[in-house]
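Q: Any chance you could fold what I've pasted below:
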Amino acid sequence: LAWEVPMRDKVAALREVEMQCVWDYLILNGLLREMMFMAGPLMGIVMFTTYAFATGEPLTTAKVFRCLAFINILRFPLNLLSQAMKLTFDGLVSVERLEKFLLLDTLEGRDQGKGQLKHADG
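A: Okay, here's the model as predicted:
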């Protein structure tokens, strides 16, 4: 049929845009996950550097282990927080898409003589 090739081209173009959006989403998701895994060690480096330069006191093993234990305790909740935020935003996008779909006009079956769709309300 004459409409198949142009329609296939339109669908392919839209699919390419969709795949680029999915790729960007996955890249950002991976970067967020890696940043959260790096947050603990980076937090330790920043804390120890700030302590050493701000106070001028030497770092003792007791202070270092106490800070590392604190960072280790905070790492898991912070990872859960980042995942919860990501899943919340994913859920909001899904709800918006479902809302748009469910608020579309309802269509009845085809008119037998003309092959056109009729609105259910009129």
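Q: What mean pLDDT does the strand or helix carrying residue 108 get?
A: For residue 108, the host element (DSSP states H and E) is strand 107-110. Across strand 107-110, the average pLDDT comes to 67.
Q: what about the strands in the protein?
A: Taking DSSP state E as the criterion, the chain contains strands spanning 107-110, 117-119.
Q: For residue 25, grab the count of nearby residues.
A: Neighbours of residue 25 under the rule other CB atoms under 10 Å: 12. From N, CA and C alone the C-beta is placed, and that goes for glycine too.
Q: That should have said residue 97, apologies.
A: For residue 97, using other CB under 10 Å, the count is 10.
Q: What about the residue nearest to residue 47 when sequence neighbours are not counted, how many residues nearby?
A: Using CB to CB, 6 or more residues apart in numbering and skipping residues adjacent in sequence, the residue nearest residue 47 is residue 67, 5.8 Å away. Using other CB under 10 Å, residue 67 is surrounded by 16 other residues.
Q: Thanks a lot, see you next time.
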